[in-house]
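Need a 3D model of the sequence below.
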Amino acid sequence: MDSSSSTRDPVANKYTWLINNLPPFRTQTIWSDPFVIGGCRWRAKVQSKAMTIVNLYLAVDGAEDLPLGWRRLAKFSFTILNRYSKVKACHLEEYFRVSTEKQAWFDVKNHTHSGATPINLGPFQSKYGGLVRDGQVKIVVEIKLILDFGEDGYVCKAINLGGDDERIDVYGIPLLPQEVPYMRLFLENHPDTASSFMLGTDLDPCMKRGFLYLLTGVLDSLSKPPQEISKSCFDRARASLVFIRDAWFEVDWFEQTLDYVARQMEEGVVVEVAQDEDSCVSEDPNQHLEEISLCEGDHSHIHVYGIPLLPSEVPAMRLFLENHPDTASSFMLGTDLDPCVKQAFLYLLTGLLDSLSKPPQEISKSCFDRARATLVFIRDAWLEVDWVEQILDNVAREMEECLEKVAREEEEEI
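As a prediction, the model looks like this:
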């Protein structure tokens with residue numbers, strides 16, 4: 001006879017598990033059938049002792065068959081249903097859910113995790129009844145999958161570039177292995193913002209990478225003690241917030257961080273970080289171009305001023321270095337920006353240039369408006385990019401000519 005039965009709610013990401021014949025006087029471990037939530041296979045486990053102390057676990061089903069290096073980040077909870085009173089059930093279910101809720105990484109070494117705390121059914125059963133009925137317990141498992149590395153078709157997947165080189169795609173955004181921690185930070189702390197931004201916008205992938213680095217870099221700068229945050233650094237962070245919020249997506253949590261840091265700075269001593277004069281010495285940009293040329297065949301070692309690039313980003317970066325070496329070197333060597341923020345600007349710049357390199361009829365108005373906003377932000381905040389403005393003006397004229405041509409053709413057809 002089966003010891004359990006189950007149903008799954010695909011919308012709410014819940015799995016309902018009815019355990020039959022729970023032994024009243026001895027400890028026993030019972031596993032659920034495999035079930036799928038978030039595109040991943042799971043199993044639940046209960047360890048009971050005399051129908052009172054219940055330890056609940058969530059496990060990855062078939063962990064031994066998953067590809068090497070797989071990882072999953074999930075938030076999960078367990079609820080034991082009261083089948084006598086709906087009024088009592090509401091209070092109890094919330095208590096069980098909150099007391100067992102946990103966020104954990106699942107991997108090859110840790111493919112099973114317990115809930116936050118075990119549940120002692122004895123007092124609740126005596127007071128309310130309905131939790132254990134005829135030796136049966138009904139459990140609801142709720143799972144929110146935040147991040148999944150290692151399986152094709154899910155949020156993140158590894159792409160082999162040949163040899164030992166590997167690239168990670170997250171929501172379709174190409175990342176180098178060393179960039180994954182920044183994306184993980186974003187996804188773990190702000191999963192809803194991350195998924196809505198990554199999936200809900202038509203930005204160039206390189207510009208999405210730019211936003212990722214801009215966010216993580218500014219947050220990293222603001223994580224320092226308030227006395228170590230200069231006014232210029234804080235002003236840049238505020239400008240970044242306004243730019244991101246107005247142009248693309250909601251970052252209220254970012255604004256709260258800024259407000260908190262502002263209060264801390266008012267209470268402490270605000271310092272201006274003096275810039276080292278030696279750091280402003282311009283280097284020969286050909287040195288960095290040479291580095292690109294020598295390394296194009298090795299996908300894992302394309303660096304410009306210490307910043308890693310994907311092969312697809314090299315042409316735009318070469319354009320930047322060849323045509324505007326003074327701007328490039330003074331910006332990369334002569335500013336006190338966080339390295340992540342510097343990367344953000346390079347990615348925003350290369351993404352912008354890549355977007356504008358398309359035929360005018362393929363550039364949407366929203367794309368062009370974003371490019372203009374990005375240009376204004378970069379120019380006002382950090383470096384001179386008059387040459388990008390000229391490109392934008394040329395593209396604007398070409399787009400206008402293209403629209404006029406289409407209008408004339410339509411008139412001729414009429």
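
packing partners for the helix or strand containing Thr374?
If you go by DSSP states H and E, Thr374 is part of helix 365-381. The helices and strands touching helix 365-381, judged by 3 or more Cβ pairs under 8 Å, 6 or more residues apart in numbering; DSSP states H and E, are helix 231-247, helix 339-356, helix 386-413. Bear in mind the C-beta positions are built from the backbone N, C-alpha and C, glycine included.

the inter-axis angle of that helix versus helix 231-247?
170 degrees (axes from the mean of the first three to the mean of the last three Cα atoms, to 10 degrees).

what angle do helix 365-381 and helix 339-356 make?
Put simply, helix 365-381 runs at 140 degrees to helix 339-356, going by the same axes, to 10 degrees.

Can you list the buried residues in helix 365-381?
Across helix 365-381, burial judged by 16 or more other Cβ atoms under 10 Å covers 367-368, 370-372, 374-375, 377-378.

Check which helix or strand the closest residue to Gly62 other than its chain neighbours maps to.
Nearest non-adjacent residue to Gly62, counting by Cβ to Cβ, 6 or more residues apart in numbering: Arg41, 5.9 Å away. Using DSSP H and E, Arg41 falls within strand 40-49.

now the longest strand seen in the chain against strand 40-49, angle please.
Longest strand in the chain, counting residues (DSSP state E): strand 137-149. Strand 137-149 and strand 40-49 are oriented at 140 degrees to each other (the same axes, to 10 degrees).

Tell me which residues of strand 137-149 come out buried.
Neighbour counts using 16+ other Cβ under 10 Å place 137-143, 145-149 of strand 137-149 among the buried residues.

List of residues touching stretch 35-45?
6, 8, 13-15, 17, 29-34, 56-62, 72, 74, 78, 112, 139, 141, 143-145, 148, 151, 153-154 (Cβ atoms under 8 Å, 6 or more residues apart in numbering).

measure Arg30 to Leu321 for me?
To be clear, residue 30 is Ile; Arg isn't right here. Distance, Ile30 to Leu321, by Cβ to Cβ, to the nearest Å: 63 Å.

ditto for Lys365
As judged by Cβ to Cβ, Lys365 and Leu321 stand 30 Å apart.

ok so, going back, which one of the buried residues of helix 365-381 is nearest Pro225?
Within the buried residues of helix 365-381, distances to Pro225 taken as Cβ to Cβ reach their minimum at Phe377, with 27.6 Å.

who's in contact with Ser108?
Just to correct that, residue 108 is Val rather than Ser. Taking Cβ under 8 Å, 6+ apart, we find Val108 in contact with 63, 66, 68, 70.

Give me the phi and psi angles of it.
With angles defined as degrees, to the nearest 10, Val108 sits at phi -60, psi -30.

Which pLDDT value belongs to it?
Confidence at Val108, expressed as pLDDT, is 85.

Relative to Arg43, how far out is it?
Distance from Val108 to Arg43, by Cβ to Cβ: 16 Å.

before we move on, the earlier item: list the buried residues of the strand holding Arg41.
Across strand 40-49, burial judged by 16+ other Cβ under 10 Å covers 40-44, 46, 48.

Would you mark the buried spots in stretch 353-368?
353-356, 360, 363, 367-368.

a markdown table for those, including distance to Pro315 and pLDDT?
Output for the buried residues of stretch 353-368, formatted as a markdown table (distance: Cβ to Cβ, whole Å; pLDDT from 0 to 100):
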| residue | distance to Pro315 | pLDDT |
| --- | --- | --- |
| Leu353 | 9 | 70 |
| Asp354 | 8 | 72 |
| Ser355 | 13 | 72 |
| Leu356 | 13 | 71 |
| Pro360 | 19 | 72 |
| Ile363 | 18 | 74 |
| Cys367 | 19 | 72 |
| Phe368 | 21 | 76 |
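
how about those residues in CSV, adding distance to Glu101?
Below are those laid out as CSV (distance: Cβ to Cβ, whole Å):
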residue, distance to Glu101
Leu353, 45
Asp354, 42
Ser355, 42
Leu356, 47
Pro360, 52
Ile363, 46
Cys367, 41
Phe368, 45
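
Of the residues you listed, which is the nearest to Glu413?
Nearest to Glu413 out of the buried residues of stretch 353-368 is Pro360 (Cβ to Cβ; 21.2 Å).

Can you pull out the low-pLDDT segments for the stretch 151-300 of the chain?
Along the stretch 151-300 of the chain, the model assigns pLDDT under 70 to residues 151-206, 212, 216-217, 219-220, 223, 241, 244-300.

beta partners for Ile37?
Ile37 has the following beta-bridge partners by DSSP bridges: Cys40.

Near it, how many other residues are there?
Other residues within reach of Ile37, judged by other Cβ atoms under 10 Å, total 22.

Compute the distance between it and Leu81, please.
Distance, Ile37 to Leu81, using Cβ to Cβ: 18 Å.

Same check on Glu228?
For Glu228 relative to Leu81 (Cβ to Cβ), the value is 52 Å.

Of the two, give the one with the bigger neighbour count.
Leu81 (18 against 13).

Gln103 belongs to a strand?
Yes - Gln103: assigned to a strand according to DSSP: H, G, I helix; E, B strand; the rest coil.

Bridging across strands, which residues link to it?
Judged by DSSP bridges, the bridge partners of Gln103 are Lys75.

Settle this for me: it is touching Arg72, isn't it.
No - using Cβ atoms under 8 Å, Gln103 makes no contact with Arg72, being 11.2 Å away.

Between the two, which has more neighbouring residues?
A direct count of neighbours by other Cβ under 10 Å for Gln103 and Arg72 places Arg72 higher, at 26 against 14.

For the more buried one, give me its contacts.
By Cβ under 8 Å, 6+ apart, the neighbours of Arg72 are 40, 60, 105-107, 145, 147-149.

for Arg71, phi and psi?
Dihedral angles (degrees, to the nearest 10) for Arg71: phi -150, psi 150.

And Ser114, by the same measure?
Phi and psi for Ser114, reported as degrees, to the nearest 10, are phi -80, psi 160.

same thing with Leu66?
Phi and psi for Leu66, reported as degrees, to the nearest 10, are phi -80, psi 160.
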